[in-house]
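**Q** Sequence and predicted structure below; questions after.
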Amino acid sequence: MSVFKELQERGLIAQMTHPEEIQKLLENEKVTFYIGFDPTADSLHVGHFLQMVVMAHMQRAGHLPIALMGGGTAMVGDPSGRSDMRSMMSEEAIAYNVSRFKKQFERFLDFSDGKAIMVNNADWLMNLKYIPFLRDVGVHFSVNRMLAAECFKSRLEKGLSFIEFNYMLMQSYDFLKLNEDYGCILQLGGDDQWSNIIGGIELVRRSKGREVYGMTFTLLTTSDGRKMGKTQSGAVWLDPEKTPPYDFYQYWRNVDDADVIRCIKMLTFVPLTEIAKLETLEGSELNRAKELLAYEVTKLVHGKETADKVSAAAAAVFSQGTSDNMPSTAISADSVNAGISLLDIMLTAGLIPSKGEGRRLIVQGGVTVNDKRVDDPNLIIDSSYFENGEMIIRKGKKVYHKIMIK
RNA sequence: GGAGGGGUUCCCGAGUGGCCAAAGGGGGCAGACUGUAAAUCUGUUGUCGACGACUUCGAUGGUUCGAAUCCAUCUCCCUCCA
């Protein structure tokens, strides 16, 4: 099956500028394409991951990916799909974020032997001269049309500053630049990038008379339309320091029934024929699909070894209530011997954000210690609660945590 | 630069001198039901040495026995005009 068909059947493709031409190109030629990533945080997240999966599909099919780090565009801020202005980021923060992005990318795409290229648009955007830029690039943009673009729509009601209005020109110029330097003829991106991608295509056509193409991918949303990859504590990050692999695994293990199959299609390389079998699963059988999803995604992001470990840990925790590899916290023997409150332990283990929250949790029957429900908010823990130096705290139904004496 | 409107707790949004730790909704968390799902129902949702105390309503200062509410200055945002 061609990549094009593959992407299509996985439900990844949202919009295309030239459906027939793109399909033909991808099936007959080696295509150089790019996706831009603005370093607005110090780690990539699930939304980026989807883009990387697409790049990997393309790379496997023999096409040449350019991963564009938006060190320059992040200085401006993309207003697409946002209801308010991005806060300005310092140059140092952006440079640092770029370095983090690069690390994560190198693990995911194969950059050996020129099989993929990484560039940073700070290298050309930062040195642009205003007047020449306006004369060479600015002339090709119609403000009338820009104002009509979907990406500015919500901002025209709420307010849009000139700097953000320029974002489209920056991104369009990237495409032109990559077309000239690398022969890049295809830009991919999330569906929210449609307007920006069109901008680049028109710029290349008008200034160089060359036809280039664009294609966007379905945004990863839940069945009820919310963005996936968000939790109460923020985004689900690919950086294990920011989102521990165990939590990462659990996130996918707990997706809604309605989202599992779509996620497997979009985020893993599980063959479509395999997925077809999973689609027949119903009811509690879907748990098997969720386990597969969680395992596969964790494997892609954190490696097989980690995926094996955390999936085994999760399975053990939910069947036996304990595992060697479950999340754990060590506390000093002194504090246990002296008697330490359960609330303090939970606080240091990061199970609760405050003691008030912890009290409420206990009063409502949401905490168990060694499988016994706790009803006293002021419970003092001493060595009698530990067996072989271990104690298990469970918060709610799903959060298990082991306390060890060090 | 001129005129007007506005910044409230995680978000939206009430509140215009004491009854305000602040309505309502969303979201979150927990309980019940379940399949580590959804829906539904219930409880809860500033912090702490917790029938009490402390800190919050853009910032700072002031008026008052008492301020989210009144005054002054500052700051940011929006709308219209230039």
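**A** That came through fine. This is a predicted model, so every value here is computed, not measured.
**Q** what secondary structure does residue A:128 sit in?
**A** coil (DSSP: H, G, I helix; E, B strand; the rest coil).
**Q** residues touching it, list them.
**A** residue A:173 (CB atoms under 8 Å, 6 or more residues apart in numbering). All C-beta atoms are positioned from the backbone trio N, CA, C, and that covers glycine.
**Q** roughly how far apart are it and residue A:72?
**A** Using CB to CB, to the nearest Å, residue A:128 is found at 9 Å from residue A:72.
**Q** I'd like the distance between residue A:193 and residue A:120.
**A** In terms of CB to CB, residue A:193 sits 18 Å off from residue A:120.
**Q** Between these two, which has more neighbouring residues?
**A** residue A:193 (27 against 20; other CB atoms under 10 Å).
**Q** Please name the nearest non-neighbouring residue to the more buried one.
**A** Leaving aside its sequence neighbours, residue A:193 sits nearest to residue A:216 (CB to CB, 6 or more residues apart in numbering; 6.0 Å).
**Q** Tell me how many other residues crowd that neighbour.
**A** Residue A:216: 23 neighbours (other CB under 10 Å).
**Q** For the helix or strand where it lies, buried residues please.
**A** Assessed by DSSP states H and E, residue A:216 sits inside strand A:213-217. Within strand A:213-217, the residues that count as buried by 16 or more other CB atoms under 10 Å are A:213-217.
**Q** In JSON lines: these, plus pLDDT and distance to residue A:176.
**A** Below are the buried residues of strand A:213-217 laid out as JSON lines (pLDDT from 0 to 100; distance: CB to CB, whole Å):
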{"residue": "A:213", "pLDDT": "97", "distance to residue A:176": "14"}
{"residue": "A:214", "pLDDT": "97", "distance to residue A:176": "13"}
{"residue": "A:215", "pLDDT": "97", "distance to residue A:176": "18"}
{"residue": "A:216", "pLDDT": "96", "distance to residue A:176": "19"}
{"residue": "A:217", "pLDDT": "94", "distance to residue A:176": "22"}
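**Q** Out of those residues, which comes closest to RNA strand B?
**A** RNA strand B lies nearest to residue A:217 out of these, by CB to the nearest atom of the strand, at 24.3 Å.
**Q** what about the closest residue in space to the closest one that isn't next to it in sequence, how many neighbours?
**A** Spatial nearest neighbour of residue A:217, chain neighbours left out: residue A:12 (5.0 Å); criterion: CB to CB, 6+ apart. By the measure other CB under 10 Å, the count of residues near residue A:12 is 21.
**Q** Does residue A:12 touch residue A:266 like I think?
**A** Yes. With contacts counted by CB atoms under 8 Å, residue A:12 reaches residue A:266, the gap being 5.8 Å.
**Q** Please identify every residue contacting each of those two.
**A** Shared contacts of residue A:12 and residue A:266, counting by CB under 8 Å, 6+ apart, come down to A:50, A:218.
**Q** Name the secondary structure element that contains residue A:291.
**A** helix A:286-302.
**Q** Let me know whether that helix sits next to RNA strand B.
**A** Yes. Helix A:286-302 lies within reach of RNA strand B by CB under 7 Å from any atom of the strand, at A:286-287, A:290.
**Q** if we take those residues, which one ends up nearest to RNA strand B?
**A** Closest to RNA strand B, out of all of the residues of helix A:286-302 next to RNA strand B and judged by CB to the nearest atom of the strand, is residue A:286, at 4.0 Å.
**Q** From RNA strand B, how far out is the closest residue in space to the closest one that isn't next to it in sequence?
**A** Of all residues not flanking residue A:286 in the chain, residue A:257 sits nearest, at 5.2 Å (CB to CB, 6+ apart). According to CB to the nearest atom of the strand, to the nearest Å, residue A:257 and RNA strand B sit 4 Å apart.
**Q** what's the answer for residue A:5, then?
**A** Residue A:5 is 30 Å from RNA strand B, by CB to the nearest atom of the strand.
**Q** what residues does stretch A:193-202 touch?
**A** A:14-15, A:17, A:36, A:78, A:80, A:140-141, A:146, A:149-152, A:167-169, A:171-176, A:187, A:189, A:212-214, A:216.
**Q** just the buried members of these?
**A** For the contacts of stretch A:193-202, a burial check counting by 16+ other CB under 10 Å picks out A:14, A:17, A:36, A:78, A:80, A:140-141, A:149, A:151-152, A:167-169, A:171-176, A:187, A:189, A:212-214, A:216.
**Q** circling back to that earlier point, quick one: contacts for the residue nearest to residue A:193?
**A** With CB under 8 Å, 6+ apart, residue A:216 has these contacts: A:13-16, A:188-191, A:193-194, A:197.
**Q** packing partners for the very next helix or strand once past the helix holding residue A:291?
**A** Per DSSP H and E, the first helix or strand lying C-terminal to helix A:286-302 is helix A:304-320. In this structure, helix A:304-320 makes packing contacts with helix A:245-253, helix A:286-302, judged by 3 or more CB pairs under 8 Å, 6 or more residues apart in numbering; DSSP states H and E.
**Q** and the first one, is it in reach of RNA strand B?
**A** Yes. Figure legend: helix A:245-253 in contact with RNA strand B (CB under 7 Å from any atom of the strand); contacting residues A:250, A:253.
**Q** what's that helix in contact with?
**A** So helix A:245-253 is contacted by A:229, A:231, A:236, A:240, A:243, A:263, A:290-291, A:293-295, A:297-298, A:301-302, A:306-307, A:309-311, A:313-314, A:325-327, A:398 (CB under 8 Å, 6+ apart).
**Q** Then the longest one?
**A** Outside of helix A:286-302, the residues within contact range by CB under 8 Å, 6+ apart are A:49, A:53, A:108, A:238, A:240, A:245, A:248-255, A:257, A:260-261, A:263-264, A:267-270, A:278, A:281, A:306-307, A:310-311, A:314.
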